[in-house]
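fold the following, please.
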Amino acid sequence: METTNELIVYDLIVVGSGNGACGFLNHYLQARAEKVPDERILVIEEGDDFFNISDITHQNNWTQSYGEENVFKLHNALTPKGIPIISGRACAMGGGGSINYTIIHESSEWLSQHIGCSISYWNELKAELNQKFDSPNPMENQSRVTQHILDLAHQAGFKLSRDTIENIPNYHEGNALLLHPFPTQFNRFGQRTRSGVSLVDWSDPRLTLLTRCRVEHLEWEKTSATLARCVSVQVKNLDTGQTVSFSLSSMGKLLLCAGAATPRLLMPHRELLSNNAIGQQVSDHIVLPLGIYVLDPKIPVTGRDVYLPVFATTLWKPEAEQPGNETVCCFDFFSGNFERLWYLISHLYLAFLLPNWFKKIVIRVPWLFYIIKNGVRMLIGFINLLINILWGINRLFQGKSWEREQYNLITAIVKFNPAIEGYYAQDNNRIDLNFFTPDQETNFNQDIAVAQSVIVSQLQLLNHLGQQPHWLVKLIIRLFSKIPYEQKQVEKYINTYRRQFMLSEQHLSGGCLFGKAIDNGLENPQSTGKVFGSTNVYVADLSAAPLPRISPQMTAYLIGFHVANMICAC
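Alright, predicted model coming up:
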């Protein structure tokens, strides 16, 4: 189809409106309001308009948003041995933060080491950013289910982390067993009022927002023997199929905040930019679903308890003379009645039902993913129906009236960073993620050691979350997934998982790292985030940093905020 040229020339084009973009625009728009009041800024978003999608603006629809293919897009992700990994990305205004619940900062020590600047700089920047969320104290008005988790974890040796800024927790270095209550993005009516979208005044006359539009190509011109300038972006309207070219002014900047699409847009131009670091050092959290339990009926469950606002961290360290690096492992908890959880369960447990050869097809054909997930939901619904029939028959034998069983479920996942980083391949937009890959020199598989150690050590805590399900339900769970309820089952689960069931946490990070592919701004703050080899292209999202050890949502906001702070410093 023919490409048309937009007549307006923009001073700033922002690709993506996720966490990084929202953090950037919050600072940038305020800092530039008086200096350049007539600046023309275009924001291009592949997903839908946040304000017109109730699924991601209200808490009750969180699991449906997570489980539907219109918000999450699959990556073509595999291990070097060709084992497919169910991995995806959020595609909506606000990015993953519009769906992802967990709010915590990576430590300022980690940020200083991997991005630059001092520890005190990051502490101050966090305080400035966190004030904009106006987050409530997560220790107040806790639900009974959250308190249940806290009590059990305390009994298992976990301690409450007190390291917070404006009620938003930081990961605290060097502690093995920590609990992190965090504020949610919702008000008391379940409305999402504190997501990244709320950081930006979208009615600002300087802003033009295009949704349902995907940037497909960057146009360049050489400015010297070693540098190139992006002059325009080609954008496809996903509703009409029309392709439009949007141009940058002579001093205009292109800001890439498109998550996984950021390295992909730059990959075809690595030779032009003499920047082979693009697409390297990519990673994602390995996530292992754990057992499903029946919650004590005396503990009431509300709509806000689906994703519980507390998570636990443990610290894995190699034993003496054992190879490997210190690794943080995170436990997330979910609860609710069966109907509320089935979207989440069908999404997380989908991979357990598919053979690898078919998964390779699914990750290339998105509509198959949608069909399979709905098939899983039908299967789960059938299991639920079977349970209710058996329950009702049992009541009749006891001389009681027929009644549907009322029960709430509780479950958990564990996630951690893989030991070896991956990369974007040149062909087919493939991402090679080195999940469960042994070290080439020692042949030590750190991911196996971490998974086995953390699950075994915390299985007693998990088994106290609630009662184990009926033997028939547990048999079905074990048949499909091998998820362990006993320590002797852990090793088989991990071995089966790494051969067949691999999932990522959809936290893809890296590909354009500070100091490697982009400038860390240590010599010139206004060059912070600038892609090496370019004169006007910047990156301000999670692709600019290694994978944080904990949920990366706040790190993404902070990277965008940091880049804008540096660019606007003078």
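
quick one: least confident helix or strand in this protein?
Per-element confidence for the chain was summarised using mean pLDDT, DSSP states H and E. The lowest value among helices and strands belongs to helix 62-67, with a mean of 70.

list of residues touching the helix or strand that that helix is followed by?
Going down the chain from helix 62-67, the next helix or strand is strand 72-74, by DSSP states H and E. Outside of strand 72-74, the residues within contact range by CB atoms under 8 Å, 6 or more residues apart in numbering are 66, 86-91, 347, 362-363, 366, 369, 506. No exception for glycine: its C-beta is placed from N, CA and C like everyone else's.

what's near enough to touch S481?
By CB under 8 Å, 6+ apart, the residues touching S481 are P289, Y349, F352, Y493, F501.

ok, 10 Å please
Counting by CB atoms under 10 Å, 6 or more residues apart in numbering, S481 touches 288-292, 348-349, 351-353, 493, 496-497, 500-501.

nearest to G18, of the contacts of strand 72-74?
When the contacts of strand 72-74 are ranked by distance to G18 (CB to CB), A90 comes first, at 7.2 Å.

for that closest one, phi and psi?
In this entry, A90 is assigned phi and psi values of phi -80, psi 150 (degrees, to the nearest 10).

got a pLDDT number for it?
On pLDDT, A90 comes in at 82.

please name the nearest non-neighbouring residue to it.
Nearest in space to A90, with sequence neighbours left out and distances taken as CB to CB, 6 or more residues apart in numbering, is G96 at 4.0 Å.

I'd assumed that neighbour was in a helix, is it?
Yes: under DSSP: H, G, I helix; E, B strand; the rest coil, G96 falls within a helix.

contacts only, for it.
Taking CB under 10 Å, 6+ apart as the criterion, G96 is in contact with 18-19, 71-72, 88-90, 196, 259, 505-508, 542, 551-553, 556.

which ones among the residues you listed map onto helices?
Counting by DSSP state H, the members of the contacts of G96 that fall within helices are N19, Q553, A556.

residue contacts, the second one?
Going back to what we said before, that points to Q553. Taking CB under 10 Å, 6+ apart as the contact definition, Q553 lies against 18-19, 95-105, 182, 185, 195-196, 507, 542.

likewise E319?
Under the criterion of CB under 10 Å, 6+ apart, the neighbours of E319 are A449, S453.

for it, helix, strand, or coil?
E319 falls in the coil class when you classify it by three-state DSSP.

can you list the weak-confidence ranges in the stretch 401-550 of the chain?
402-405, 428 (pLDDT under 70).

re the thing from before, just the ones of the contacts of S481 in helices?
Going by DSSP H, the helices hold L348, Y493, T496 from those.

out of these, who's nearest N463?
Y493 (14.4 Å).

ok, that closest one touching F480?
No: counting by CB atoms under 10 Å, Y493 does not reach F480; the two are 11.7 Å apart.

residues shared between the contacts of the two?
F501.

more neighbours: those two, which one.
Of the pair Y493 and F480, Y493 is the one with more neighbours under other CB atoms under 10 Å, namely 22 against 14.

quick one, what contacts the more buried one?
For Y493, the contacting residues are 288-290, 451-452, 455, 478, 481-485, 501, by CB under 10 Å, 6+ apart.

got a ChimeraX select line for the buried ones in those?
Once 16 or more other CB atoms under 10 Å is used to decide burial, the buried members of the contacts of Y493 can be selected in ChimeraX as follows:
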select :288,289,290,451,452,455,478,481,482,483,484,485,501
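
where does the stretch 51-200 of the chain have low pLDDT?
Looking along the stretch 51-200 of the chain with the criterion set at pLDDT under 70, you get 66-70.

strands of that one, start to end?
In the stretch 51-200 of the chain, strands defined by DSSP state E, counting those that start in this stretch lie at 72-74, 77-78, 84-85, 88-90, 159-160, 164-165, 168-169, 177-181, listed in chain order.

likewise for the stretch 301-450 of the chain?
Chain-ordered strands for the stretch 301-450 of the chain, with DSSP E, counting those that start in this stretch as the definition, fall at 310-316, 327-337, 408-416, 423-424, 431-432.

run through the bridge partners of N5.
The partner list for N5 in beta bridges (DSSP bridges) reads S245.

pretty sure it is touching S245, no?
Yes: proximity of N5 to S245 meets the contact threshold set by CB under 10 Å, at 4.9 Å.

any residues in contact with both of those two?
By CB under 10 Å, 6+ apart, N5 and S245 have these common neighbours: S232, Q234.

which one's more surrounded, the two?
Taking N5 and S245 together and counting by other CB under 10 Å, S245 has the greater number of neighbours (15 against 10).

how near is the more buried one to L207?
Going from S245 to L207 by CB to CB, to the nearest Å gives 20 Å.

what about Q489, how many neighbours?
16.

next one: L150
19.

so who does it touch?
Taking CB under 10 Å, 6+ apart as the criterion, L150 is in contact with M139, Q142, F158, L160, L179, P181, L308, V310, A312.
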